[in-house]
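Participant: build me a model:
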Amino acid sequence: MDRFMEMKAFVAVVEAGSFVGGAQALALSNSVVSRLVADLERRLGVRLLQRTTRRLSLTREGEQFHLRCREVLASLEAAEAEAGAQAGQAIGLLRLNVPVSFGMHHLAPLWPQFMARHPQVTLEVTLADRVVDLVEEGYDLAVRIARLPNSSLVSRALTSTRLVLCASPEYLARHGTPQHPQDLAQHSVFAYTLLSTGEHWEFTGPEGPVSVRVQPRLRSNSGDTCTTAALAHQGLVMQPSFMVWPALCSGALVEVLPQYRGLTLGVHAVLPSRLQQTTRVRALVAFLVEAFQDAPWADPAGLAAASASMAATAGGTTTGA
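Facilitator: The predicted structure is shown next:
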């Protein structure tokens, strides 16, 4: 067995969390995978894995070697895909990490279109709201919704989204409409716990920046959970326009305090520079840029018009306490 298979077996075992899982991932027998990893450790002269009856863990040397192996295997896979690409055709595996709600509402419908356009590309899509380490965890691309800090990663802007304070007309009719962000202290609000500003909700209004600390009745790491509570007429929510746009258009929710605008966040495709030039990554980035170039929820004018229209239809229930 060559070094490539040893490395591949080692990485498969680590990522599966067991020799059985690694063997299944490689379609090999348990004994073959165990022998490959043992041969690797013997050749290197170090123990890479700590084995007990209950769990498998990496040694310090194993952690460093695992990262190196991932880089080598990813580079090899990219080189093979590039060598096999004909006339710029995208070939190979793309490992993607995307935010949960955005991934479900706006990206999931796009994947079948991309696969139809690029039939030799295989997608592995992970949904998670945590910020993953693209290099260490082996992702080719991530979609992130944030004000991106300076980093060694390469990013491409896809679109933008604005945090929108909104509630149902029924809730506002019963409890009145806030006239200033400070009035939120007298209202039931639902907070997304992964918001970068925490429970300080930030606005830009006629008098400039305004920050208010809210006392949520409901906290959740799911934006959909918060939005569902608002749709059930229980309080106010501040969520990205990409999430509440359909409810604003239907009138199920209306924008509150439109003169006080929430933060605008970029929607970015983020990738490690070492994979930036692969044909399949370039194809995916171009596809996403095209898909989101006319996103209606990214247009502040369109968002304001939808909210104003729904407020008028609601017969004025969104103005005045």
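
Participant: remind me, longest strand of this structure?
Facilitator: Using DSSP state E, we find that the single longest strand of the chain is strand 154-167.

Participant: now for it, which elements pack on it?
Facilitator: On a contact count with 3 or more Cβ pairs under 8 Å, 6 or more residues apart in numbering; DSSP states H and E, strand 154-167 meets strand 141-146, strand 236-240, helix 241-250, strand 254-255, strand 261-262, strand 264-271, helix 279-291, helix 300-313. C-beta: built from backbone N, CA, C; applies to glycine.

Participant: of those, which stretch is the most buried?
Facilitator: Comparing these by mean neighbour count (mean count of other Cβ atoms under 10 Å), strand 236-240 ranks first with a mean of 27.

Participant: okay but Leu231 is in contact with Ala252, surely?
Facilitator: Yes - counting by Cβ atoms under 8 Å, Leu231 touches Ala252, with 5.8 Å between them.

Participant: and the spatially most central residue of the chain, how far is that from Gln239?
Facilitator: For the chain, the residue nearest the mean C-alpha position is Pro99 (1.9 Å; Cα atoms, centre = their mean). Look at Pro99 and Gln239: by Cβ to Cβ, to the nearest Å, they are 12 Å apart.

Participant: one more: Ala146?
Facilitator: As judged by Cβ to Cβ, Ala146 and Gln239 stand 15 Å apart.

Participant: ok, now which ones touch the nearest residue to Trp111 once chain neighbours are set aside?
Facilitator: Of all residues beyond its chain neighbours, the one nearest Trp111 is Leu123 (5.9 Å), with distances taken as Cβ to Cβ, 6 or more residues apart in numbering. Shown in contact with Leu123 (Cβ atoms under 8 Å, 6 or more residues apart in numbering): 93-94, 96, 111, 114-115.

Participant: please redo it, this time with the cut-off set to 7 Å
Facilitator: Going by Cβ atoms under 7 Å, 6 or more residues apart in numbering, Leu123 touches 94, 96, 111, 115.

Participant: which members of these are the farthest-apart pair?
Facilitator: Maximum pairwise distance among the contacts of Leu123 (Cβ to Cβ): 12.4 Å, between Leu96 and Met115.

Participant: which of the two has more neighbours?
Facilitator: Using other Cβ atoms under 10 Å as the criterion, Leu96 and Met115 rank with Leu96 on top: 20 against 13.

Participant: doesn't the more buried one belong to a strand?
Facilitator: Yes - counting by DSSP: H, G, I helix; E, B strand; the rest coil, one finds Leu96 located in a strand.

Participant: look at the nearest residue to Trp245 once chain neighbours are set aside and report its pLDDT.
Facilitator: Nearest residue to Trp245 in three dimensions, chain neighbours excluded: Trp297, at 3.8 Å (Cβ to Cβ, 6+ apart). Trp297 is assigned 90 on the pLDDT scale.

Participant: wait, Trp297 touches Val244, no?
Facilitator: No - if you go by Cβ atoms under 7 Å, Trp297 and Val244 don't touch, sitting 8.2 Å apart.

Participant: tell me the contacts of Phe287?
Facilitator: Counting by Cβ under 7 Å, 6+ apart, Phe287 touches 114, 117.

Participant: any idea how far Met115 is from it?
Facilitator: Counting by Cβ to Cβ - Phe287 and Met115 are separated by 10 Å.

Participant: dump the residue contacts of Val212.
Facilitator: Counted by Cβ under 7 Å, 6+ apart, Val212 has contacts 181-182, 184, 201.

Participant: now which of those would you call buried?
Facilitator: The neighbour count (16 or more other Cβ atoms under 10 Å) marks 181, 184, 201 as buried among the contacts of Val212.

Participant: would you turn the residues you listed into CSV with pLDDT and secondary structure?
Facilitator: Below are the buried ones among the contacts of Val212 laid out as CSV (pLDDT from 0 to 100; DSSP: H, G, I helix; E, B strand; the rest coil):
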residue, pLDDT, secondary structure
Pro181, 96, helix
Leu184, 95, helix
Trp201, 95, strand
